[in-house]
Each structure stands twice: as C-alpha cells, then as structure tokens.
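Peer 1: Sequence isn't available, so here's the structure alone:
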C-alpha cells in the first residue's frame with residue numbers, strides 16, 4: 001500500500017501464490033489494504049493491472065472497483081481502477 005502525500009492511496013503488486021489461491025486470501029488482503037488506507041485518512045484507492053491477469057481484474061470489479069483512465073505510466077498495465085472508500 002502506497003500512501004503518497006496529497007494523493008489517493010495506491011495498491012501495488014497484490015499477489016497470492018498459486019498453491020494458496022481459491023481460499024479467499026486475495027479478498028481478505030484487499031479488504032485489509034483498504035482498511036489501512038481509511039485509517040490513514042484516504043477516501044480513494046487506486047490500482048492497475050495487466051490484461052493477462054483476468055482473475056485479478058475480476059476480483060477488483062467484484063469488490064467495487066471502477067475502471068478509470070490511466071493515472072500512471074506503468075508500462076505493463078492495461079487496466080486502471082479506483083474505489084471510493086467509506087470510513
């Protein structure tokens with residue numbers, strides 16, 4: 001979780017080992033990162049992902065993330081998302 005001054009929180013490199021997938025870990029990690037962002041006073045969180053990571057894209061959409069225009073120049077990203085956080 002990145003917390004740059006004066007900017008939305010940003011989640012980078014959320015990853016779960018293949019042998020641990022299907023246990024709900026990614027959802028729990030995502031929820032914990034969002035909670036930490038709220039504790040740091042953030043109302044918006046952003047993330048990006050690669051088009052090949054279909055499960056990640058589905059996870060973000062299923063958890064309330066909305067696709068937005070690119071907000072960084074990440075060369076491996078094809079999708080950019082954000083979510084309004086509720087304290």
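Peer 2: All right, it came through fine. A quick note: this is a predicted structure, and the numbers were derived from the prediction, not measured.

Peer 1: hey, what's residue 67 bridged with?
Peer 2: residue 81 (DSSP bridges).

Peer 1: how many neighbours does it have?
Peer 2: 11 (other C-beta atoms under 10 Å). Using the backbone N, CA and C atoms, a C-beta is placed for each residue, glycine as well.

Peer 1: List the buried residues in the longest helix along the chain.
Peer 2: The longest helix of the chain (DSSP state H) is helix 25-39. Going by neighbour count (16 or more other C-beta atoms under 10 Å), the buried part of helix 25-39 is 26, 30, 33-34, 37.

Peer 1: and those as a markdown table, adding pLDDT and distance to residue 5?
Peer 2: Output for the buried residues of helix 25-39, formatted as a markdown table (pLDDT from 0 to 100; distance: C-beta to C-beta, whole Å):
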| residue | pLDDT | distance to residue 5 |
| --- | --- | --- |
| 26 | 96 | 28 |
| 30 | 98 | 23 |
| 33 | 98 | 18 |
| 34 | 98 | 19 |
| 37 | 97 | 14 |
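
Peer 1: between these, which is nearest residue 53?
Peer 2: Taking C-beta to C-beta as the measure, residue 53 lies nearest residue 26 of the buried residues of helix 25-39, at 11.0 Å.

Peer 1: Please report the distance of that closest one from residue 75.
Peer 2: From residue 26 across to residue 75, the span is 24 Å (C-beta to C-beta, to the nearest Å).

Peer 1: any weak-confidence spans in this protein?
Peer 2: Along the chain, segments meeting pLDDT under 70 are nowhere present.

Peer 1: One more pass at 90, please.
Peer 2: Within the chain, the set of residues satisfying pLDDT under 90 comprises 86-87.
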